[in-house]
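[1] Coordinates only, no sequence provided:
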């Protein structure tokens, strides 16, 4: 589990083909890896990967062909910068929102506007995502917890504050960039509940009755 608050910007240093996927190596400042160990989870551009090897300034992780297909990790070139976040500890503050690291798919950056110290980024989302996106709701975009400021048709816009620009790669993005999207897990479960129990369903009626008794 993660929160979408980027810990550090790292760099892809190696990518080797293996049966069923690729072994990826990422480098970052040694302080980021303090007390980390093999087998723990690290989010790379919002994708939860398991550490298979660790040294002072880098770690390796395996990405399956499905992960490479469904995310932008498959298109990374050597020296590409990535967002890194270590898994949430129970004692941590929840500064972003609940992020699982299970990316739903990708979107494209349509445009970027600079307004003084802030950025306005507009994405074109897959239409299948739209029922689970709401204004003032949260999305994890390349692993960054962002609040949806505007939603029109399949276009979602976000205002990026200076602190986020400094701590991430968002200031380097250009139109056409492919970014990973993880939908809000709470919206996903709410949609699944409504799919399984549409209005008028007996379970929904019983639940409503229980709530009234409370």
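    That came in fine, so what should we check first? These numbers were taken from a predicted model, which means no experiment stands behind them.
[2] from here on, contacts and neighbour counts on C-alpha atoms
    Will do.
[3] Residue 108: neighbour count?
    19 (other Cα atoms under 10 Å).
[4] now do the one 10 residues further on
    With neighbours defined by other Cα under 10 Å, the count for residue 118 comes to 16.
[5] And the pLDDT at the nearest residue to it once chain neighbours are set aside?
    Of all residues not flanking residue 118 in the chain, residue 161 sits nearest, at 5.1 Å (Cα to Cα, 6 or more residues apart in numbering). pLDDT for residue 161: 94.
[6] Residue 161: how many residues sit nearby?
    By the criterion of other Cα under 10 Å, residue 161 has 12 neighbours.
[7] Enumerate every residue touching it.
    117, 118, 119 (Cα atoms under 8 Å, 6 or more residues apart in numbering).
[8] Quick one, which of those has the minimum pLDDT?
    Ranking the contacts of residue 161 by pLDDT, residue 117 lands last with 85.
[9] Leaving out the residues flanking it, which one is nearest to that one?
    residue 162 (5.8 Å).
[10] mind checking the backbone torsions on the residue nearest to residue 118?
    Per-residue torsions, residue 161: phi -80, psi 160 (degrees, to the nearest 10).
[11] if I've got this straight, residue 9 is in a strand?
    Yes: the assignment for residue 9, made by DSSP: H, G, I helix; E, B strand; the rest coil, places it in a strand.
[12] coming back round to it: can you list phi and psi of the residue nearest to residue 117 for me?
    According to degrees, to the nearest 10, residue 162 has phi -50, psi -40.
[13] isn't it right next to residue 118, touching?
    Yes: judged on Cα atoms under 8 Å, residue 162 makes contact with residue 118 at a distance of 5.7 Å.
[14] re the thing from before, please tabulate the contacts of residue 161 in CSV, including the columns distance to residue 4 and secondary structure.
    Below are the contacts of residue 161 laid out as CSV (distance: Cα to Cα, whole Å; DSSP: H, G, I helix; E, B strand; the rest coil):
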residue, distance to residue 4, secondary structure
117, 21, coil
118, 19, strand
119, 18, strand
